[in-house]
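1. What would the 3D arrangement of this be:
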Amino acid sequence: MYDFSTLPGSSAVAGFEPLLVDEKIQYTFTESADEGKLYNDLNERLITLEVSLTIDREVLNTIEDDAKELRLLVDEKEEVLMRIDWLERLDKVQQGLEDVQTKEEAQKLLRLIAPCQTSPLKNELKLELETLVESLPSEQVEEVQMTDAEVLMEKAVEEAGDTFINLGKAGRDSVIADVLDQYGKNASIDVVQELTQTLEQRVKALKEVKESSELIEQLDSLPLQHLANIPTEYEEEVLEKLLITPNWNGLFHLDRLILQYTKQIEHQHTPVQEGVQATLVMNDGLMKQLGVQKV
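-> Residues are numbered from 1 along each chain as shown. As a prediction, the model looks like this:
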């Protein structure tokens, strides 16, 4: 048998005493959250609204509030916010149907829901509005003429397909401008689709670039909304991250990655804590025990 009495040892006693609070020192922390689980939950709740013929505003408002908790899943948050916008458009049109008095008002509501994804409610509203356009009288005032770009954009949103819509606003505006520059009023949807594919091929080809100087030159030639917002002092770091992980999928995704990487690098250089905050108030005794010094 072992004689444990010969082994070195020590004993401990409780030494913590309640501390008085007279010096205020604040500490903050960010609450951890499973954003993947949150996104899946938001997706299921959105699908429920998207297949319905009525929009529950209270449920939609709750989804919008919960979506604010998505901080790391940038693309998923963008998707959720876009779907929320579509549902808000459909709800606005549905609520405004009974107030439509003229052909132009019905056409305006049709344009409002044009970007929305296909759904039972959109199909129903579109049919009702098209019927109103045919049956209602025109306004007696002079109608404001749409520009060539607005006319072509409206037609492209309806007919050019998902690839065009998924370019993002900056990409869509760029394609429409290029088409009109080349073909003017003779522009067709076929040309819009062709230039859309050409633009996306240029974005895909960027994955083969190995030098930051060439990458920034190519990026400058693309309609990227967030590229100009990169602080000069962080540009090389953002380019380096793009070169190391060229995992974008299309123009819009590339633009979102540039925004995401810029925010990450800015955070690394100037860390800011966000989220739920808790305050710990300490007196001189606790500061001494923790080795904290007053500044």
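2. Tell me who's in contact with C116.
-> By Cβ atoms under 8 Å, 6 or more residues apart in numbering, C116 lies in contact with 86, 89-90, 122. Where C-beta positions appear, they are placed from N, C-alpha and C, glycine not excepted.
3. For it, which three-state class applies?
-> coil (DSSP: H, G, I helix; E, B strand; the rest coil).
4. Could you count how many residues lie near the spatially closest residue to it that is not a sequence neighbour?
-> Leaving aside its chain neighbours, C116 sits nearest to W86 (4.1 Å; criterion: Cβ to Cβ, 6 or more residues apart in numbering). Neighbour count of W86, defined by other Cβ atoms under 10 Å: 20.
5. and what of L257?
-> Neighbour number of L257 under other Cβ under 10 Å is 21.
6. Doesn't it lie inside a helix?
-> Yes: counting by three-state DSSP, L257 falls inside a helix.
7. Roughly how far does it sit from L132?
-> Taking Cβ to Cβ, to the nearest Å as the measure, L257 falls 43 Å from L132.
8. which residues does the nearest residue to V51 once chain neighbours are set aside contact?
-> In this structure, V51 finds its nearest non-sequential neighbour in P120, 6.2 Å apart by Cβ to Cβ, 6+ apart. Applying Cβ under 8 Å, 6+ apart to P120 gives the contacts 51-53.
9. which residue is nearest the centroid of this protein?
-> The centroid of the chain falls nearest to E78 when counting by Cα atoms, centre = their mean (2.3 Å).
10. Just say helix, strand or coil for it.
-> Classified using three-state DSSP, E78 is helix.
11. Does it touch H253 like I think?
-> No: the criterion here is Cβ atoms under 8 Å, and E78 misses it with H253 at 9.5 Å.
12. With only the CA atoms kept, save the helix or strand hosting L195 in CSV.
-> When secondary structure is defined using DSSP states H and E, the element that contains L195 is helix 189-205. Output of helix 189-205 as CSV, limited to C-alpha atoms (Å, rounded to 0.1, in the frame of the first residue of the first chain):
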residue,chain,number,x,y,z
ILE,A,189,-33.8,41.2,-74.5
ASP,A,190,-31.5,38.8,-76.3
VAL,A,191,-28.8,41.4,-76.2
VAL,A,192,-29.4,42.0,-72.5
GLN,A,193,-29.0,38.3,-71.8
GLU,A,194,-25.9,38.1,-74.0
LEU,A,195,-24.1,41.0,-72.2
THR,A,196,-25.2,39.5,-68.8
GLN,A,197,-23.5,36.3,-69.6
THR,A,198,-20.4,38.1,-70.8
LEU,A,199,-20.2,40.1,-67.6
GLU,A,200,-20.6,37.0,-65.4
GLN,A,201,-17.8,35.2,-67.5
ARG,A,202,-15.5,38.1,-66.7
VAL,A,203,-16.3,37.7,-63.0
LYS,A,204,-15.6,34.0,-63.2
ALA,A,205,-12.3,34.6,-65.0
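13. What residues of that helix count as buried?
-> Neighbour-count burial for helix 189-205 flags 189, 191-193, 195-196, 199-200, 203 (criterion: 16 or more other Cβ atoms under 10 Å).
14. Same question for stretch 88-98.
-> Result for stretch 88-98 [16+ other Cβ under 10 Å]: buried residues 88-91, 93-94.
15. ok, residues contacting it?
-> 54-55, 57, 60, 109, 112-113, 115-116, 119, 121-122, 125, 128-129.
16. Please check those residues and keep the buried ones.
-> Looks like the contacts of stretch 88-98 have 55, 60, 109, 112-113, 116, 119, 121-122, 125, 128-129 buried, using 16+ other Cβ under 10 Å.
17. chain center to the helix holding L195, what's the gap?
-> 23 Å (Cα atoms, centre = their mean, to the nearest Å).
18. mind listing the strands for the stretch 151-295 of the chain?
-> 281-282 (DSSP state E, counting those that start in this stretch).
19. Point out where it drops to low pLDDT.
-> Applying pLDDT under 70 to the stretch 151-295 of the chain picks out residues 271-295.
20. roughly how far apart are the nearest residue to S174 once chain neighbours are set aside and Q201?
-> Closest residue to S174 apart from its sequence neighbours, by Cβ to Cβ, 6+ apart: P223 at 3.6 Å. Per Cβ to Cβ, P223 is found 15 Å from Q201.
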